[in-house]
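Asks: Predicted model and sequence below, questions to follow.
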Amino acid sequence: MERIRVNTGRKYDIFIERSILSSCGQIVKSVTKASTAAIVTDSNVAPLYLQKVKESLEKEGFKTVSFVFPAGETNKTIATVTDILNFFAENSMTRSDIAVALGGGVTGDLTGFAAAIYMRGIEFVQIPTSLLAQIDSSVGGKTGADLPSGKNLCGAFHQPSAVIIDPEVLKTLPTKFFSDGMAEAIKYGCIGDAELFEKIAEGIDTENADSMIYRCVDIKREIVEHDEKEKGERMLLNFGHTLGHSAEKLSNFTLTHGEGVGIGMYIMAKAGEKQGVTEKGSSEKIAELLKKYSLPLSCDISLQDLCSGALTDKKRSGNNINIVLLNKIGSAFTKKLPVEELYDFVR
Ligand code: NAD
Ligand code: ZN
């Protein structure tokens, strides 16, 4: 079993092992004194893995209760958070009980947020089941929900007590969500590890993803440790995201997050090459990987619109926008740009 310690304000471990799901109860037991574990999961993941997790927790002596919400980003709302909170209350969860998020990023964000505010904060454990959640959203302590005006507009920083990653569950993940996660993996290669980038180029699938997951999580750990509340270095994780979010939004979410990020990474790498700050050939390498994992390089939204769309980005500060550029594959830096210069910069 691989184990990664995250030294944030609240310290916790990330456990990675194939088939670890059936012994997740032991790990939960080792991090909490709780007597009740409330498992929160979505309607796709519940029929696949809820029973296994429940049994393992009960075997370790936990009383379990389970809450299943309808799957999908459209349910990542305050209304679902309210439902989860009411469920906790109706089941007499106390401050010393624990929530268990079993599912993708939507489940993790909602459960973490509910755990952050129920009785001013209870413990929670992440059991991420999508590739994106395993390498990205389950680590770092960001939790939240969407508002009608935009994604992730409310939330809290709340670190989990443990993250339990079972690569085996990726076998049931629909291919398009696997590709989505691969966009983030490519991002980690771009910003932090040329060797990882090469490994991804050789070919990753559900059978051999374990070491890639480990490496991605470790890169995120390092960045998050240095910058828990996203003041500086953590912005590197936004490589490709400024234009990516804009593409997602302007397509009315017909483009997935990973697709948007892929398009954004390609544009920023090309822009960096044109500006002479990114090693020549980097954008071509990124393009090859995106194609390999069935991710698009462009969309039918104009670059001008993508840039205008990006100006409402959360990452904007005053009249400036922080963009992430590559020196070369494996190394990135941030640059502050007056908002009106973004289009000229990437054009
Ligand atoms: P998701 O939770 O909707 O999962 C994607 C789909 O896969 C869902 O239909 C889900 O039911 C299904 N699924 C998950 N695991 C499965 C499995 N093993 N087998 C079969 N089906 C499975 O979305 P996601 O792509 O995991 O995550 C996206 C969300 O994560 C977004 O809301 C995004 O804002 C958030 N996010 C948060 C952070 C953070 O730091 N908190 C970082 C990145 C993304
Ligand atoms: Zn992302």
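Replies: Right, received. Where do you want to start? Treat the numbers as computed from the prediction; the structure is a model and nothing was measured. Ligands and ions are numbered 1, 2, ... in the order given.

Asks: tell me the pLDDT at the closest residue to ligand 1 within the stretch 201-347 of the chain?
Replies: Using CB to the nearest ligand atom, the single residue of the stretch 201-347 of the chain nearest to ligand 1 is residue 257, 6.1 Å away. In short, each C-beta sits where N, CA and C put it, glycine included. What the model reports for residue 257 is a pLDDT of 94.

Asks: Surely it and residue 180 touch.
Replies: Yes - Residue 257 is within contact range of residue 180, at 6.1 Å (criterion: CB atoms under 8 Å).

Asks: which helices and strands sit right next to the helix-or-strand element of the chain with minimal mean pLDDT?
Replies: Of the helices and strands making up the chain, the lowest-confidence element is strand 316-317, at a mean of 72, by mean pLDDT, DSSP states H and E. Under the contact criterion of 3 or more CB pairs under 8 Å, 6 or more residues apart in numbering; DSSP states H and E, strand 316-317 touches no helix or strand at all.

Asks: distance between that strand and the chain's centre?
Replies: Relative to the centre of its chain, strand 316-317 is centred 21 Å away, using CA atoms, centre = their mean, to the nearest Å.

Asks: Give me the contact list for that strand.
Replies: 322, 339 (CB atoms under 8 Å, 6 or more residues apart in numbering).

Asks: would you list every one of the helices in the stretch 151-300 of the chain?
Replies: Counting by DSSP state H, counting those that start in this stretch, one finds helices in the stretch 151-300 of the chain at the ranges 175-192, 194-202, 210-226, 241-250, 257-274, 282-292.

Asks: and residue 8, which of these is closest to it?
Replies: Residue 8 lies closest, by CB to CB, to one member of these: helix 210-226, at 6.2 Å.

Asks: Quick check: buried residues in that closest one?
Replies: Neighbour-count burial for helix 210-226, counted by 16 or more other CB atoms under 10 Å, picks out 210, 212-221, 223-225.

Asks: Got phi/psi on the residue nearest the centre of the chain?
Replies: Geometric centre of the chain, nearest residue: residue 137, 2.5 Å, by CA atoms, centre = their mean. Here is the backbone geometry of residue 137 (degrees, to the nearest 10): phi -70, psi -20.

Asks: what's the spacing between it and ligand 1?
Replies: The gap separating residue 137 from ligand 1 is 3 Å, by CB to the nearest ligand atom, to the nearest Å.

Asks: same question, residue 110
Replies: From residue 110 to ligand 1 the distance is 9 Å (CB to the nearest ligand atom).

Asks: Now do the strand or helix carrying that residue: distance to the chain's middle.
Replies: Following DSSP states H and E, one finds residue 110 within helix 105-117. Taking CA atoms, centre = their mean, the mean C-alpha location of helix 105-117 is offset from the chain mean by 12 Å.

Asks: where does the stretch 1-150 of the chain have low pLDDT?
Replies: Scanning the stretch 1-150 of the chain for pLDDT under 70 picks out no residues.

Asks: contacting residues for residue 145?
Replies: 76, 77, 78, 80, 81, 109, 110, 113, 152, 154, 155.

Asks: so is it in a helix, a strand, or just coil?
Replies: Under DSSP: H, G, I helix; E, B strand; the rest coil, residue 145 falls in the strand class.

Asks: Pairing partners for it in the sheet, please.
Replies: residue 154 (DSSP bridges).

Asks: Burial check on residue 9, number of neighbours?
Replies: Other residues lying near residue 9 total 9 when counted by other CB atoms under 10 Å.

Asks: Ignoring the adjacent residues along the chain, who's closest to it?
Replies: Nearest residue to residue 9 in three dimensions, chain neighbours excluded: residue 228, at 6.3 Å (CB to CB, 6 or more residues apart in numbering).

Asks: so the one you found makes contact with residue 10?
Replies: No - counting by CB under 8 Å, residue 10 is not a contact partner of residue 228; they are 9.8 Å apart.

Asks: intersection of neighbour lists for those two?
Replies: residue 141.

Asks: Those two: who's more crowded?
Replies: The residue with more neighbours, out of residue 228 and residue 10, is residue 228; 19 against 14, by other CB under 10 Å.

Asks: Which positions in the stretch 51-200 of the chain make contact with ligand 1?
Replies: 71-73, 76, 103-107, 109, 129-130, 132-133, 136-137, 140, 142, 151-152, 169, 172-173, 177, 180 (CB under 6 Å from any ligand atom).

Asks: count of neighbours near the closest residue in space to residue 269 that isn't next to it in sequence?
Replies: Distances taken as CB to CB, 6+ apart place residue 283 nearest to residue 269, at 3.7 Å, with adjacent residues excluded. Other residues within reach of residue 283, judged by other CB under 10 Å, total 23.
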